[in-house]
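Coordinates for the following, if possible.
(2 chains)
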Amino acid sequence: MNPLPLYVAIPLGAAFLIPLLGVWWKKSGETLAPLFTLILAIMAIVQVTRPAAVYHMGGWAPPVGIALVSDGLSTLLLIAINVVGFLCILFSLKYMQMYTGLTKYYSLFMLMVAGMNGVVVSGDLFNLYVFLEVASIASYALVAFGVGAEELEAGFKYLILGSVASVMLLFGIGTVYAVTGSLNMADVAQEIAMRFGGEMNPALLLAGAFFLMGFGLKAALVPFHAWLPDAHPSAPAPISAMLSGVVIKSLGIYAICRIFFNVYGISTGSAGSVIFANAMIAFAILSIIVGGLLAIGQWDYKRLLAYSSIGQIGYVMLGIGVGARVLATGGQLSIAGLAILGGLFHLFNHVAFKSLLFLSSGAIQHATGTRDMKQLGGLRERMPITSFTTNMAALSIAGVPPFSGFWSKLLILIATIKAGHIGIAIVAIIFAFVTLIYYIKVQREIIYGTVSNLVEKAREVPALMYVPLILLAIACVGMGLLYPVVGPRVLEPARDALMNSAEYIQLVLG
Amino acid sequence: MTVYFMCIVLLTMGLYCLVAKKNIVKKILGIVIMDYAVNLYIIIVGYKTGGVAPIIEPNMPAATLERFVDPLTQALVLTSIVIGLGVLSLMVAMCIRLYEKHGTFDMSVISKLRG
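Model prediction:
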């Protein structure tokens, strides 16, 4: 049986069941949410062994019916979403006990997972929009979950900007439908390739600009980043880990990749795609610079991590944008492949280390009651496991060999230089050092140094909270050392799915 | 062509309202106007002068079939309106909580985070 609909059905059913059973059974969320997310995580890992597949909703074949598609790129994101989702739920079990209304929390969490899974398996533009809204609405509510003044303000800001992005996306989807007469992504791609093979239709160019803006806002690329540094620190720690770890990637980066590579056909070198590729590179460089510079000055630990997310998303986008530009200008396929692989590898690594860092910020806040870096220090003495895992993630994200972050940044830089963008590569290298600087600041102010008053009384967090940290730390080291195992099975199929859009059309339309 | 242009004008009016007004209730109204502008736009994409409802009956003349309006855009807008309602209710709920905290709807008074 094809498991694709289950990725949406299981979390959606759980989101419905948890508050319903919660009326009589207070622990429904704490019991059902880990169970269902564990099933999803195992399903997603097993998905690697399956070939690319299509599921026709209700038995209607595309382009009439709605198709669910799993190819290499979807599988990569499914693993990230469901494994991190399970670990965040584990962490929530103890951490969230300081909040009330927990059945609602777990229900919204499952709704967010359902939305994200839906986005990455959807093969239909409007369906993608609907699932994106499901995930977004759940995340707006979760950012404001603490209902303090700061949480509400951050949530409201995120809600307003997210709604603008949604409006833009719907406008783009309407325009694409008006031009091509279809909503099925593969069918639209075929239509664009056949009808506008050599030239770019101005209406499609406008729709592309709307897509880049809308998904760019969800991914927090720099001109559209204003909500992220407020929203991510204000959310409860497991939600920050989900938002920074997977939401901005599955709703933003994944959708940009899918639309521009597979639907607009950058990989076939259609005209107009150079403009989009250039825009991607420009946003990426801006994100790297702004995210890096603003992160240095932060003394709120979670705020620093949020700005660092912007910078690291910039690196992911740089790899993908350079790959797109090489493909669009008809350059060497091997260089484009290297750039895209680097981008996707950095995306996968960022899932591991940024979720770990946000969870560790939650553990630190749980133990000491603060996230102000000036009041922390000497955590190594009191919380050895949290400090050790935080150290691993910080070294990895700063790009210290042999951790995973080093290899992915190296791949992106090599590809950028090979593609002939020396200036951009120099900026990227300088800001890789800036990343190192602010993570050295994290280490010095939080992990090492003299033991501060608040840390004096802190104790190591309970096992349910540090086990996810340890698992993610193993992923940080393992992704770097075990690339020969992970790469060919997960990353290279994802790269091939982006590089070869004809194969995607073939897969869906048969 | 003019109708599409008017949709863009409506969208821009909503965006202006969202950016320029300080009152958060007015910001919400701006979002709603933008939402409606896009819904209108998608409906117009499927519009046909002298169109009829797309219901197939036996022995229907071919001329009637050609006058069918596109039902898909209407289905899209219906879905989009429902989503818009969900987002709107969440916005209003947050707006009420913000008012309870600060006693005002003025965003410049509420705003403490630096972005």
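
Can you tell me which residues in chain A are near chain B?
A:126, A:130, A:133, A:137, A:140-141, A:144, A:147, A:149-150, A:152-157, A:159-160, A:163-164, A:166-167, A:170-171, A:173-174, A:177-178, A:183, A:226-227, A:229-230, A:234 (C-beta under 8 Å from any C-beta of the partner chain). For glycine as for every other residue, the C-beta is placed from the backbone atoms N, C-alpha and C.

Show the buried residues in those.
Buried residues within these, defined by neighbour count using 16 or more other C-beta atoms under 10 Å in any protein chain shown: A:126, A:130, A:133, A:137, A:140-141, A:144, A:149, A:152-157, A:159-160, A:163-164, A:166-167, A:170-171, A:173-174, A:177-178, A:183, A:226-227, A:229-230, A:234.

what's the burial count for the closest residue to residue A:231 other than its chain neighbours?
Among residues not flanking residue A:231 along the chain, residue A:158 sits closest, at 4.2 Å (C-beta to C-beta, 6 or more residues apart in numbering or on different chains). Neighbourhood size, residue A:158 [other C-beta atoms under 10 Å in any protein chain shown]: 25.

And for residue A:189?
As a burial measure, residue A:189 scores 25 neighbours (other C-beta under 10 Å).

Was I right to think it contacts residue A:266?
No. Residue A:189 is beyond contact range of residue A:266, at 10.9 Å (criterion: C-beta atoms under 8 Å).

Residues of chain B that sit close to chain A?
Close to chain A, as judged by C-beta under 8 Å from any C-beta, chain B has residues B:11, B:15, B:18, B:24, B:27, B:31, B:34-35, B:37-38, B:41-42, B:45, B:72-73, B:76, B:79-80, B:83, B:86-87, B:90-91, B:94-95, B:97-98, B:101-102, B:110-115.

Among the residues you listed, the buried ones, what's the PyMOL command?
This is the PyMOL syntax for the buried subset of the residues of chain B next to chain A, where burial follows 16+ other C-beta under 10 Å:
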select buried, chain B and resi 11+15+18+24+27+31+34+35+37+38+41+42+45+72+73+76+79+80+83+87+90+91+94+95+97+98+102+110+113
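
what's the weakest-modelled helix or strand in chain A?
helix A:453-456 (a mean of 80; mean pLDDT, DSSP states H and E).

Just give the nearest non-adjacent residue to the most centrally placed residue in chain A, would you?
What sits nearest the mean C-alpha location of chain A, by C-alpha atoms, centre = their mean, is residue A:249, with 2.3 Å. Counting by C-beta to C-beta, 6+ apart, residue A:347 is the residue found nearest to residue A:249 once chain neighbours are left out, at 5.8 Å.

how about residue A:15, secondary structure?
helix (DSSP: H, G, I helix; E, B strand; the rest coil).

In contact with it, which residues?
Going by C-beta atoms under 8 Å, 6 or more residues apart in numbering or on different chains, residue A:15 touches A:107, A:108, A:110, A:111, A:114.

From those residues, list the buried ones, please.
Buried by 16+ other C-beta under 10 Å: A:107, A:108, A:110, A:111, A:114, out of those.

Out of these, flag the one nearest to residue A:50.
Nearest to residue A:50 among the buried ones among the contacts of residue A:15 is residue A:114, at 20.6 Å by C-beta to C-beta.

Please report how far the residue of the stretch 251-400 of chain A found nearest chain B lies from residue A:230.
Going by C-beta to the nearest C-beta, chain B is nearest to residue A:303 of the stretch 251-400 of chain A, at 9.2 Å. Distance of residue A:303 to residue A:230, given as C-beta to C-beta, to the nearest Å: 9 Å.

What of residue A:89?
Distance from residue A:89 to residue A:230, by C-beta to C-beta: 25 Å.

Thanks a lot, see you next time.
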